[in-house]
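J.: model this:
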Amino acid sequence: MYAILIFMSLNWKEINLILTELDLEGAQIQSAVQSAFDVVILRTHKKGQTRQLLVSLSPGACRIHETLAAAPKSEKPLRFAQFLNSRIVNGRIIEARQLGDNRIVRLLVNSAQTVFRLYLRLWSNAANFVVTDEEGCVLDAMRRLPKRGEITGGRYSPEEESEKNSSKKTGTYEVRELPGEGSFNRKIDQFYAVQGGPLSLDALREQARRSCEGSMGRISAALARLREKEASFTDAGRLKTYGDLILSNIGAIKPGDKWLETEDAGEAIRIELDPRAGAAAQAEKYYEQYRKAKTGLAELRQEIVDGERELKELNGKLERLLAETNPLVLAKLLKTSAPAARTKKEKARPGLSFRRGDWLIIVGRDASENDELLRRHVKGNDLWLHARDYHGSYVFIKQRSGKTVPLEILLDAATLAIFYSKGRNNGKGDLFYTQVKYLRRAKNGPKGLVIPTQEKNLHVKVDDKRLRVLESCRE
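T.: Below you'll find the model as predicted:
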């Protein structure tokens, strides 16, 4: 009998009995704690007695009753509890009753001369906790359900619906005989105590939403920025036209001219010139800008394609997670999906990697690797090093939380920066270093070119012994 009943929600007769025993009218609400996405505990006080009113929306275990167990807090403050604490704390319950026999409890709470309606819909497949004003305008809901209008600004007034459904009721319900002693509230509290920490399908689905939607939001924002940049590159053909027009009018351009006024396909065009450069050099400048824009446009479009594909994959992943009906399977999927993604990203990192103790040093060997590392594999607090006055590698030291880069690790990275630069044959060199967040991309510059700020200077000699040690630490 016990095992069969454990997953059953309260029926309407049991809810009425619980409300009668609780005698909530006149009680003051002192606090609200949301211990999980589907559990809220209201702490109340009346006539010197403090009670904890538990509201659970867990599938198969929807219920309201007094609990003697300590109310566990979630690791992070949850939205709905914060809303309740801001609106109804210190308010008094002026009514607590069930609407007909439809397992919808209505609590009227008077707080700061405002009456709030708290509706607890204790249906296993469609449970919710909705707060409205006196006119039925939704202020917030524990589960935001747009299709039902149960979102901020929606309408929720179940009184009429409850009357309709009451006339359609079939079957009979009785108060269950439960083990234990004391009031029915006490028996219910003991009865469900064994379910104190079950996996909640709704909680897991909410976790899946937060995980996937957070990533999807970041990708969408990045795509918006890329599309804006793409729009600025789409007129690259204009730059080539300028170069062509300069060469076709080379005889009309005089030294010191600042503008070339000509026509193209019957349209008047005014092209800016550098008075210090010759006509051929002017044309080459526009051709170079055209090549850079064209190359950049291709890369941008590839990034957009990659981002759209990743967004589609995340949408598919979220749909699969939400469709999973076994909470054990869903929990396993949530635990294993993130590490798999991190492993894949680690394998795809370009350049050379050197592991010195707990520190990771990454070296980009050319402009493409430098650019890829900057875009996708380093963060703002990572350290960037580069040989001064020479073309060469970008070297990064991955930051460790709460740790300062030791001098030996800095010298290792500096040695690699000189060794993988055009000045390696000198055996020594100057370099500068700063955090990645202080790098700014050069406007219209070649791929990977950055301008550092707040940089510091360092002079190192390439030590063959240090190089041999680093080579042995190469991953």
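
J.: from here on, contacts and neighbour counts on C-alpha atoms
T.: Fine.

J.: which elements pack onto the longest helix along the chain?
T.: In the chain, assigned by DSSP state H, the helix with the most residues is helix 279-323. Judged by 3 or more C-alpha pairs under 8 Å, 6 or more residues apart in numbering; DSSP states H and E, the packing partners of helix 279-323 are helix 201-233, helix 236-248.

J.: elements contacting the last one?
T.: This points to helix 236-248. Going by 3+ C-alpha pairs under 8 Å, 6+ apart, helix 236-248 lies up against strand 259-264, helix 279-323.

J.: quick one, the shortest one and helix 236-248 angle?
T.: This means strand 259-264. Using axes from the mean of the first three to the mean of the last three C-alpha atoms, to 10 degrees, the direction of strand 259-264 lies 100 degrees away from that of helix 236-248.

J.: ok, and what's touching strand 259-264?
T.: Contacts with strand 259-264, where a contact means C-alpha atoms under 8 Å, 6 or more residues apart in numbering, come from 245-246, 253, 268-273.

J.: what is the neighbour count of Arg218?
T.: Arg218: 11 surrounding residues under other C-alpha atoms under 10 Å.

J.: circling back to that earlier point, make CSV out of the helices and strands packed on helix 236-248 and add mean pLDDT.
T.: Below are these laid out as CSV (pLDDT from 0 to 100):
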stretch, mean pLDDT
strand 259-264, 86
helix 279-323, 83
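
J.: so for Arg117, which of these sits nearest?
T.: helix 279-323 (30.7 Å; C-alpha to C-alpha).

J.: gap between that closest one and the chain center?
T.: 23 Å (C-alpha atoms, centre = their mean, to the nearest Å).

J.: cool, stretch 465-475 as well?
T.: 38 Å.

J.: and stretch 267-282, by the same measure?
T.: 48 Å.

J.: got the CA coordinates for that stretch in PDB?
T.: Output of stretch 267-282 as PDB, limited to C-alpha atoms (Å, rounded to 0.1, in the frame of the first residue of the first chain):
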ATOM      1  CA  GLU A 267      27.500  58.300 -62.100                       C
ATOM      2  CA  ALA A 268      29.700  61.100 -60.800                       C
ATOM      3  CA  ILE A 269      32.300  59.800 -58.300                       C
ATOM      4  CA  ARG A 270      34.800  61.700 -56.000                       C
ATOM      5  CA  ILE A 271      37.700  59.600 -54.800                       C
ATOM      6  CA  GLU A 272      40.000  60.700 -52.000                       C
ATOM      7  CA  LEU A 273      43.700  60.700 -52.800                       C
ATOM      8  CA  ASP A 274      46.900  61.000 -50.800                       C
ATOM      9  CA  PRO A 275      48.800  64.100 -52.100                       C
ATOM     10  CA  ARG A 276      52.100  62.600 -51.000                       C
ATOM     11  CA  ALA A 277      51.800  59.400 -53.100                       C
ATOM     12  CA  GLY A 278      51.800  58.800 -56.800                       C
ATOM     13  CA  ALA A 279      48.800  57.700 -58.800                       C
ATOM     14  CA  ALA A 280      50.000  54.000 -59.100                       C
ATOM     15  CA  ALA A 281      50.600  53.900 -55.300                       C
ATOM     16  CA  GLN A 282      47.100  55.300 -54.700                       C
END
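
J.: next, the angle from the longest helix of the chain to helix 201-233.
T.: Using the same axes, to 10 degrees: helix 279-323 against helix 201-233 is 170 degrees.

J.: distance to Thr453 and mean neighbour count added to the helices and strands packed on helix 236-248, as TSV?
T.: Below are these laid out as TSV (distance: least, C-alpha to C-alpha, whole Å; neighbours: other C-alpha atoms under 10 Å):
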stretch	distance to Thr453	mean neighbour count
strand 259-264	35	14
helix 279-323	24	16
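
J.: ok, which of those comes nearest Leu84?
T.: Closest among these, using C-alpha to C-alpha: helix 279-323, at 27.3 Å.

J.: how close does the residue most central in space within the chain sit to Asn315?
T.: Closest to where the C-alpha atoms of the chain average out (C-alpha atoms, centre = their mean) is Gly214, at 2.5 Å. Going from Gly214 to Asn315 by C-alpha to C-alpha, to the nearest Å gives 12 Å.
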